[in-house]
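Enquirer: predicted structure and sequence below. I'll ask about it afterward.
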Amino acid sequence: MGHWFRTFCLQAFVIKEIAVSQVSLPLPGAAARRMVWKWLGALVVFPLQMIYLVAKAAVGLVLPAKLRDLSRENVLITGGGRGIGRQLAREFAARGARKIVLWGRTEKCLKETTEEIRQMGTECHYFICDVGNREEVYQTAKAVREKVGDITILVNNAAVVHGRSLMDSDDDALLKSQHINTLGQFWTTKAFLPRMLELQNGHIVCLNSVLALSAIPGAIDYCTSKASAFAFMESLTLGLLDCPGVSATTVLPFHTSTEMFQGMRVRFPNLFPPLKPETVARRTVEAVQLNQALLLLPWTMHALVILKSILPQAALEEIHKFSGTYTCMNTFKGRT
């Protein structure tokens, strides 16, 4: 099917170009007619391209794709000492990554994870770094390049949540969330992306949250920062279209059972069970190997995007109340 569509598109393009070339330039209005033919050709080719791309994606869901080899990749994971970050380190190591670098603010956790990864047979290093501190990011990035080498896969995983309403939130805590969850990705990406572009080999990964698409009360700092990070990645991904060898992946998981959101409760936990960190890590690394731009976990979260697009606000509010997301942060006891 893919070959047929490509051939058809190519033939349509050739026909359009021949039609344009047959227009005599000296004739009055020749430039205008040429432009009309050009637009007509584009109108014919564009829908065919869309059909081909949709069909290709559908086939990709059924047929297994070839996974990217990670044996030459140096992976840096922010917030890599615990939670999803630790699971990501394990998963990259299990799938053959060459070197793994962990960043975080708690040395004890970083040491434990580093030793575990080394025991798996993978070279691993850790650096204490607060990604919300721009100068600290740039200095630590320089140290990484000198000690470990070039980073080819950057995983922006570090995040914090204050877990309060706007009026109950401390100003410094609100700023901390924005600096780490959003601006931190600006600084880390600026630190490592230029070399990836030079090497024509690189991948930027953002561990985001489904709350970037559907906010909840009681986590206004987190939801805002994740929505900003989503826009950052969307813009970055489009900006890399003409950059060979460099790609990006945004992961939007549902509530995950880590200590970060400990105490968060939904009304129907059996219907909407929290994700396991191992599952998020495994699917994230697979998305990198498949060069997948966007990953929602679980797949049912796609329905959320559709519902937000078609339902009135009043209906969406009732869904929040019915599912329990309206009050899920009332029992929050997670870490910040």
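Expert: Looks like it arrived, so ask away.
Enquirer: residue contacts, residue 274?
Expert: Residues touching residue 274, when contacts are defined by C-beta atoms under 8 Å, 6 or more residues apart in numbering, comprise 254-257. Any C-beta I mention is one placed from the backbone N, CA and C, and that applies to glycine too.
Enquirer: got the phi and psi for it?
Expert: Dihedral angles of residue 274 (phi, psi; degrees, to the nearest 10) stand at phi -70, psi 150.
Enquirer: per-residue pLDDT, it?
Expert: The score at residue 274 is 85. That number is its pLDDT.
Enquirer: redo the contacts of residue 274 as a markdown table? Include pLDDT and neighbour count.
Expert: Conversion of these to a markdown table gives the following (pLDDT from 0 to 100; neighbours: other C-beta atoms under 10 Å):
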| residue | pLDDT | neighbour count |
| --- | --- | --- |
| 254 | 89 | 19 |
| 255 | 83 | 20 |
| 256 | 88 | 21 |
| 257 | 81 | 16 |
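Enquirer: just the strands in this structure please.
Expert: Secondary structure of the chain, counting by DSSP state E: strands at 74-78, 99-104, 123-128, 153-156, 202-207, 246-253, 294-297.
Enquirer: tell me which of those lies nearest to residue 191.
Expert: For the strands of the chain, the distance to residue 191 is smallest for strand 153-156, at 8.6 Å, taking C-beta to C-beta.
Enquirer: pairing partners for that closest one, with directions?
Expert: Each strand that pairs with strand 153-156, with its direction, by DSSP bridges: strand 74-78 (parallel), strand 202-207 (parallel).
Enquirer: just these: most buried one?
Expert: strand 74-78 (a mean of 26; mean count of other C-beta atoms under 10 Å).
Enquirer: now do it, average pLDDT.
Expert: Computed over strand 74-78, the average pLDDT equals 98.
Enquirer: also stretch 100-115?
Expert: Averaging pLDDT along stretch 100-115 yields 97.
Enquirer: contact partners of it?
Expert: Residues external to stretch 100-115 that are found in contact with it (C-beta under 8 Å, 6+ apart): 74-82, 85-86, 89, 92-93, 117, 122-131, 140, 144, 148, 151, 158.
Enquirer: now swap in stretch 191-199 and tell me
Expert: Surrounding stretch 191-199, the residues in contact under the criterion C-beta under 8 Å, 6+ apart are 76, 137-138, 141, 145, 150-152, 154, 202-204, 243, 245-246.
Enquirer: and what of stretch 232-243?
Expert: Residues external to stretch 232-243 that are found in contact with it (C-beta under 8 Å, 6+ apart): 182, 185-186, 189, 197, 200, 204, 206, 208, 246-248, 250, 293.
Enquirer: list just the nearest of the residues you listed to residue 322.
Expert: Top of the list for closeness to residue 322, among the contacts of stretch 232-243 and by C-beta to C-beta, is residue 208 at 25.0 Å.
Enquirer: which ones are touching that closest one?
Expert: 226, 229-230, 233, 250-253.
Enquirer: show the buried residues in the residues you listed.
Expert: Burial by neighbour count, 16 or more other C-beta atoms under 10 Å: within the contacts of residue 208 this picks out 226, 229-230, 233, 250-253.
Enquirer: make TSV out of the residues you listed and add pLDDT.
Expert: As requested, these are exported to TSV (pLDDT from 0 to 100):
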residue	pLDDT
226	96
229	97
230	97
233	97
250	98
251	97
252	96
253	95
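Enquirer: got JSON lines for the residues you listed, with distance to residue 107 too?
Expert: As requested, the buried ones among the contacts of residue 208 are arranged in JSON lines below (distance: C-beta to C-beta, whole Å):
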{"residue": "226", "distance to residue 107": "27"}
{"residue": "229", "distance to residue 107": "26"}
{"residue": "230", "distance to residue 107": "31"}
{"residue": "233", "distance to residue 107": "29"}
{"residue": "250", "distance to residue 107": "29"}
{"residue": "251", "distance to residue 107": "27"}
{"residue": "252", "distance to residue 107": "30"}
{"residue": "253", "distance to residue 107": "27"}
